[in-house]
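Based on what follows, work out the 3D shape:
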Amino acid sequence: YITPTYDYEPRYDKPILFYWFTSASFALFGTTEFAARFTSASFGVLLVFMTFLFIRRARGELPAYICSAILLLNLEFFVYSHSAVTDMTLAFFLTASIYAFFLAVSERDARWYAAFWAASALATLTKGAIGLLFPVVIGVIFLLASGKLDDIKALFRPAYILLFFAIAAPWFIAESYVHGWDFFNAFIIKHHIQRFSGVISSHGGPPYFYIGVLLAGFFPWVGLLPGALYRGLMERKEKEPGLGFLCAIWFAFVFVFFTIARTKLPNYIFPLFPASAILAGMTFTDLLEKRPGVSGRWLFALGAIAVIGAGALFALPSLHVRMDVSLPPELFYTLGIVFILIGALGILALRWTLPSFASMAFLTAAFIVILRLWALPPANVFLQKTLYDYSVYSRRLGPNGVLATYEINKPSIAFYARRKVERLESANACNIKGLSERPALLVITTPSQYERVEELKALKVIDRRSDFILLGNEAFEPLAQPRKEVEG
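Numbers count the residues shown, from 1 in each chain. Next comes the predicted model:
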């Protein structure tokens, strides 16, 4: 409960909080896929509910329903509320800290600053320095740009900073004491400094990488963001810059920060999605309330993005693009129709705003359900089916048997195998010969590695598929072949 481990070895990638939550989930529900995903799903529900309560307090009930619906109904939220990763938990605590900050400033109630620092400490215990960096920098920029210099002093009261360290520091101190330089080198240097300044694990991307992530992950609401961001930033000219200005700073800082960072992954910008949902939601509510200066022209951008997406979906089946996952043409046509309907509703929202928004929300939910029922299962078969079969098969190894992988690092293997996995690489390929002398050995690798490495050819082929191959050193029973209906 101090040092996270992966495959019985210290894992310094992330701090401890998410692992504590997941351990509690395993204790309640057993070591199952449901339990592994329970933490992310729970914090997803809490994030939507917290956003509803916050917006209802700040702007009213109807904006609360609209903003929370937009936060819930997008592809990125669906993915990370179903994944056993830290991003949803991090987003919850970061968002809680920024909501608390806004309430402290807008209601002139300094007690909310204590909640701000407590939530920031929990965000730091979830994913490290960004748990403190993001809320503090966003808050300070907002106060400086708003001319609220006295509030900066209130924000940094020593008592609040002591509260932050009381929550966040004990684990970092304990981990540093136990593991010393190994922890500092891996956690601070590799996963903070080098991940920002260099490309880790080949996860790089061009400067426009996150534009693509937003177009796909925040569809269809992404079309509203340029106008909403502009209006939010223009609030700075008002006597009392409000929530729109804070959300614009929040969005811009997170987006620019990760665009500058050289390591790029789609989940990195998930903490800006609550800000995006609020900005897009306030656009709809401002149109409903017919506020002066509010233009609906960005609804045309929403419609245009939907129509372009529909055109691509209609064209894909006839282009014969080679895809690793085979999907029926009817799926693309169905999604194309959904996109066209969403685009049309975006235009109709200029006249019938609330009914059009409700219909768009329904169709976006339908879009996610269609992907979940008909696109995700074959994609999951492609990504995990072989490794799942091989991992479960390895459970027949006795206590003295060895499960190894060669040039593969997939955490799901250890999860489904329920045992330690020896990870072999080209630098220690000679270890295969020594391991083969154990009573029972199974090795998972790729067909290309099998053809290239002579030590692997000394083992027997138990099962071979297009993506992976299972080898052994004794007469294991053949592995049942996958059923025909899941091959696509």
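
For Ile308, see how far away Leu335 is.
Going from Leu335 to Ile308 by C-beta to C-beta, to the nearest Å gives 13 Å. Using the backbone N, CA and C atoms, a C-beta is placed for each residue, glycine as well.

After the helix or strand bottoming out on mean pLDDT in the chain, which helix or strand is next?
Lowest mean confidence among the helices and strands of the chain (mean pLDDT, DSSP states H and E): helix 431-435, at a mean of 79. Downstream of helix 431-435, the first helix or strand assigned by DSSP states H and E is strand 441-445.

Tell me the strands beside that next one, with direction?
Looking at strand 441-445 with DSSP bridges, its partner strands are strand 402-406 (parallel), strand 469-472 (antiparallel).

And those strands: which comes nearest Leu319?
Closest of these to Leu319 is strand 469-472, at 31.9 Å (criterion: C-beta to C-beta).

Output the closest one as CSV, restricted to C-alpha atoms.
Output of strand 469-472 as CSV, limited to C-alpha atoms (Å, rounded to 0.1, in the frame of the first residue of the first chain):
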residue,chain,number,x,y,z
ILE,A,469,2.2,-16.9,-31.2
LEU,A,470,2.2,-19.1,-28.1
LEU,A,471,5.3,-21.3,-27.6
GLY,A,472,6.1,-24.0,-24.9
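
Okay, now the unreliable bits of the stretch 251-400 of the chain?
For the stretch 251-400 of the chain, applying pLDDT under 70 flags the ranges 293.

Recalculate using a threshold of 90.
Within the stretch 251-400 of the chain, the stretches with pLDDT under 90 are 288-298, 318-326, 350, 379-384, 396-400.

can you give me the helices for it?
Counting by DSSP state H, counting those that start in this stretch, the stretch 251-400 of the chain has these helices, from start to end: 273-288, 298-319, 329-348, 353-370, 376-380, 386-393.

Please report how far Thr95 lies from Ala310.
For Thr95, the distance to Ala310 - C-beta to C-beta - is 32 Å.

out of the two, which sits in the busier spot?
Thr95 (26 against 21; other C-beta atoms under 10 Å).

Assumed the more buried one was part of a helix.
Yes. Thr95 sits within a helix when classified using DSSP: H, G, I helix; E, B strand; the rest coil.

Neighbours of the nearest residue to Ala301 once chain neighbours are set aside, how many?
Distance criterion C-beta to C-beta, 6 or more residues apart in numbering; nearest residue to Ala301, sequence neighbours excluded, is Gly223 at 4.0 Å. Counted with other C-beta under 10 Å, residues neighbouring Gly223 total 25.

and Gly223, what is it in contact with?
Counting by C-beta atoms under 8 Å, 6 or more residues apart in numbering, Gly223 touches 298-299, 301-306, 346.

Please tell me how far the nearest residue in space to Trp221 that is not next to it in sequence sits from Val307.
The shortest distance from Trp221 to any residue other than its chain neighbours is 4.2 Å, reached at Ala280 (C-beta to C-beta, 6+ apart). Remark: distance between Ala280 and Val307 (C-beta to C-beta) = 19 Å.

ok, those two, which is more surrounded?
Just comparing Ala280 and Val307: by other C-beta under 10 Å the higher neighbour count belongs to Ala280, 26 against 18.

wait, doesn't the more buried one sit right on Leu225?
Yes. In terms of C-beta atoms under 8 Å, Ala280 counts as a neighbour of Leu225; the distance is 6.4 Å.

my guess is Met88 meets Val45, correct?
No. At 9.7 Å, Met88 does not count as touching Val45 under the criterion of C-beta under 8 Å.

follow-up on the earlier one: can I get the strands paired with strand 441-445 in JSON lines including distance to Glu61?
What follows is the strands paired with strand 441-445, written out as JSON lines (distance: least, C-beta to C-beta, whole Å):
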{"stretch": "strand 402-406", "distance to Glu61": "53"}
{"stretch": "strand 469-472", "distance to Glu61": "57"}
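
Can you point out the helix or strand that includes the residue found closest to Thr285 once you drop the neighbours it is linked to in the chain?
Excluding its sequence neighbours, the residue lying closest to Thr285 (C-beta to C-beta, 6+ apart) is Pro63, at 4.3 Å. Using DSSP H and E, Pro63 sits within helix 61-72.

Can you report how many residues lie near the closest residue to Asp286 other than its chain neighbours?
Spatial nearest neighbour of Asp286, excluding adjacent residues (C-beta to C-beta, 6+ apart): Val294 at 4.3 Å. When neighbours are defined as other C-beta under 10 Å, Val294 has 15 of them.

And Val294, how far from Met282?
Counting by C-beta to C-beta - Val294 and Met282 are separated by 10 Å.

residue ranges of the strands in the chain, please?
Counting by DSSP state E, the chain has strands at residues 5-6, 9-10, 402-406, 421-424, 441-445, 460-464, 469-472.

centre of the chain versus the last one, how much separation?
It refers to strand 469-472. Relative to its chain's centre, strand 469-472 lies at 33 Å (C-alpha atoms, centre = their mean, to the nearest Å).

My read is that Thr3 contacts His179, right?
Yes. With contact defined as C-beta under 8 Å, Thr3 counts as touching His179 (6.7 Å).

so what sits against both of these two?
Joint contacts of Thr3 and His179 (C-beta under 8 Å, 6+ apart) are Pro10.

For Leu28, grab the count of nearby residues.
9.

and the gap between it and Ser436?
With C-beta to C-beta as the criterion, Leu28 and Ser436 are 41 Å apart.

do Glu451 as well
Using C-beta to C-beta, we find Glu451 at a distance of 18 Å from Ser436.

Can you pick out the residue with more neighbours from these two?
Between Glu451 and Ser436, Ser436 has the larger neighbour count (other C-beta under 10 Å), namely 19 against 11.

what's the spacing between that one and Gly401?
Taking C-beta to C-beta, one finds Ser436 at 12 Å from Gly401.

before we move on, the earlier item: now do the same contact list for the residue nearest to Asp286.
So Val294 contacts 231, 283, 286-287 (C-beta under 8 Å, 6+ apart).

rewinding a little: need the strands of the chain in TSV with mean neighbour count, distance to Ile368 and mean pLDDT, can you?
Formatted as TSV, the strands of the chain follow (neighbours: other C-beta atoms under 10 Å; distance: least, C-beta to C-beta, whole Å; pLDDT from 0 to 100):
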stretch	mean neighbour count	distance to Ile368	mean pLDDT
strand 5-6	11	31	90
strand 9-10	12	37	92
strand 402-406	22	34	94
strand 421-424	20	34	91
strand 441-445	24	33	94
strand 460-464	15	35	93
strand 469-472	23	35	94
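
I'd like to know which of those strands lies nearest to Ala414.
Nearest to Ala414 among those is strand 421-424; the distance by C-beta to C-beta comes to 5.0 Å.
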